[in-house]
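Engineer: fold the following, please.
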Amino acid sequence: MQERPNVLVIINDDMGYSDIGCFGGEIETPNLDRLANDGLRLTQFYNTPRCSPSRASLLTGLYPHQTGIGILTYPTGPEGYAGDLSADCVTIAEVVREAGYRTYMSGKWHVSASLTEPTDSWPMQRGFDEFYGTIIGAGSFYYPNTLTRGNENIDHEARDDPEFFYTDAISDQAARFIRDHAANHADQPFFQYVAYTAPHWPLHAHEEDIAKYKGRFDAGWDRLREERLRRMVAAGLVAPDWLLTERDSTQPPWTDAENKAWLLRCMEVYAAQVDRMDQGIGRIIAALEETGRLDNTLVIFLSDNGACAEDIPENVRMEELANELLIARSHTRDGEPVVAGNYPHIMPGPENTYQSYGTAWANLSNTPFRLYKHWTHEGGVSTPLICHWPAGIREGGGLRHTPGHIPDIMATIVDVTGAEYPREHHGREIPPMEGHSLASVFRDDYLPERPMFWEHEGNAAVRLGKWKLVREYPGDWELYDMRLDRTEMHDVAAENPDVVADLAAQYDAWAGRCGVIDRGKILEMMKQLPGKAFWEDEETA
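Structural biologist: Model (predicted):
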């Protein structure tokens, strides 16, 4: 068997920092817990604030704007905002395939502007030997749009299979790839990218999974946030002197909340989505064990951004969701109309519903941090990260507190596989990797200090050492001492003007180098575009 490690990267969608069991949550995730207990948890690892940018950054080792995915996979401006994975970057699959790896992907792509016709930004054209999944970023778990094998649309497979469920399909195909690789390519190492849509809305789950969580969240979001924090402190995930952020000011105390039965069902379905994913990860791990590859496979698990507080309005147009954005089906496979919107009289979970779990539960998911997906405060960009590799990580159950960032995934994989990151690809000059290998963190809790940057919809941040400069657009810069106050409760910008000026200058230099365009200019460009997605800010109308 080859000595170079296999690599399995698993990313899920819109899950909060503290949802899974090994990061303090109530959701049962025994398979992720096993990986954490036998491997490492990185407590200060960062993604980006949105699905597409995180996936583009992970795949390429660059910042999102350098890849053409400055916001989402819709055109919102020139170059870094084209909404399409640029030819001026390379994916992990392209890099490691040149080093002799077989490459597989199962799940959500979401970095191509073309949703129905294969282009140079589709998986098979970006280094993957095998692809099964969806090109779009969200949709029905029972009957998703843009289901694809290779370059061929196979939506009919979901339509014709009454047992189809997308989370299961992603997991089962990933396990099948591993077994097929062992049977047909045993002399080669492999890279596999497993990209779940769970627990992104819509809230779809099996009744038996939902039933497991009946009563689990009845104490309500206020008490559960406090209980989570206590577990996180006891586990060493967060410091005991970091304060719990206040409940989101737009949300009532749990004791005053209306429609409690519906609210509880929303969180129960959300938990069931994560639970189902963990079950599938267990089947993938079993495939690694059965083929004798678990010990020499580097498994990396993370979430693509913080929890999502997006509401699905009661007046959302199904025509927009189903026919324009391709993120829903107007009817179930049996022909029943799908009702979209957070209607409290409709319980989520079945195929004929299309709902989200809302701000208050997202606040719980991001315990103990502020804000959510879209924002660059910790609630938007903090991810649980698990690394498992028995042949390369000796300390089972260890914690690492040194900060890391999603472009580091490419650098780490290049390092451990011995692959060579190219200066040019297909005749085009490629930007250098922006990340740093985490391989040294597998041994010790240390990486040299380096700045990390974020920008999304004008929300921006810089993290360097203990300092984080962060801005909620269109507000002013805030400054936090992350060693004393990672929950961003005490803005110390006024007391440290020199630090603010230095980090702001570093941000401006980075933004210029990486193609970040002022948010005001982007908004002007977006006004010229047809349509408007329901989750976009009113300022873009």
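Engineer: return the helix or strand in the chain with minimum mean pLDDT.
Structural biologist: The weakest-scoring helix or strand in the chain, judged by mean pLDDT, DSSP states H and E, is helix 519-526 (a mean of 88).
Engineer: so which bits of that helix are buried?
Structural biologist: Neighbour counts over helix 519-526 (16 or more other Cβ atoms under 10 Å) mark Arg519, Ile522, Leu523, Met525, Met526 as buried. For every residue, glycine as well, the C-beta is placed using N, CA and C.
Engineer: in three-state terms, label Leu85 for me.
Structural biologist: Here Leu85 is coil, with the state taken from DSSP: H, G, I helix; E, B strand; the rest coil.
Engineer: my understanding was that it contacts Gln66; is that so?
Structural biologist: No. Judged on Cβ atoms under 8 Å, Leu85 makes no contact with Gln66 at a distance of 10.8 Å.
Engineer: anything in contact with each of these two?
Structural biologist: Thr60 (Cβ atoms under 8 Å, 6 or more residues apart in numbering).
Engineer: what about the two, which has more around it?
Structural biologist: Using other Cβ atoms under 10 Å as the criterion, Leu85 and Gln66 rank with Leu85 on top: 29 against 25.
Engineer: who touches the more buried one in this structure?
Structural biologist: If a contact means Cβ under 8 Å, 6+ apart, then Leu85 has Ala56, Leu59, Thr60, Thr67, Gly68, Ile69, Thr91, Val111, Ser112, Ser121, Arg126 as its contacts.
Engineer: buried set for stretch 394-408?
Structural biologist: For stretch 394-408, a neighbour-count test (16+ other Cβ under 10 Å) marks Gly398, Arg400, His401, Thr402, Pro403, Gly404, His405, Ile406, Pro407, Asp408 as buried.
Engineer: thinking again about what came up before, Ala511: which of the buried residues of helix 519-526 is nearest?
Structural biologist: Of all the buried residues of helix 519-526, Ala511 sits closest to Arg519, with 10.9 Å by Cβ to Cβ.
Engineer: quick one, what contacts that closest one?
Structural biologist: Counting by Cβ under 8 Å, 6+ apart, Arg519 touches Glu457, Gly458, Tyr473, Pro474.
Engineer: most neighbours out of those residues, which is it?
Structural biologist: If you count neighbours using other Cβ under 10 Å, the busiest of those is Glu457, which has 22 neighbours.
Engineer: list the contacts of that one.
Structural biologist: Contact partners of Glu457, counting by Cβ under 8 Å, 6+ apart, are Pro49, Ile71, His374, Tyr473, Arg519, Asp537.
Engineer: from those, which has minimum pLDDT?
Structural biologist: In terms of pLDDT, Asp537 ranks lowest among those, with 47.
Engineer: export the buried residues of helix 519-526 as a markdown table, with columns for distance to Ile284.
Structural biologist: Shown next, in a markdown table, are these (distance: Cβ to Cβ, whole Å):
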| residue | distance to Ile284 |
| --- | --- |
| Arg519 | 40 |
| Ile522 | 39 |
| Leu523 | 42 |
| Met525 | 42 |
| Met526 | 39 |
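Engineer: spatially nearest residue to the residue nearest the centre of the chain (excluding sequence neighbours)?
Structural biologist: Nearest to the geometric centre of the chain sits Asp304, at 1.2 Å (Cα atoms, centre = their mean). Residue nearest to Asp304 in three dimensions, not counting chain neighbours: Ser54, with 4.0 Å by Cβ to Cβ, 6 or more residues apart in numbering.
Engineer: doesn't the one you found lie inside a helix?
Structural biologist: Yes. Judged by three-state DSSP, Ser54 forms part of a helix.
Engineer: low pLDDT regions in the protein?
Structural biologist: Judged by pLDDT under 70, the chain has its weakly predicted residues at 1-2, 529-541.
Engineer: cutoff 80 now
Structural biologist: Scanning the chain for pLDDT under 80 picks out the ranges 1-2, 77, 79, 526-541.
Engineer: which residues does the residue nearest to Asp304 contact?
Structural biologist: Ile11, Asn47, Thr48, Pro64, Asp304, Asn305, Ile406 are the contacts of Ser54 under Cβ under 8 Å, 6+ apart.
Engineer: number of nearby residues for the second one?
Structural biologist: This points to Asn47. Neighbours of Asn47 under the rule other Cβ under 10 Å: 26.
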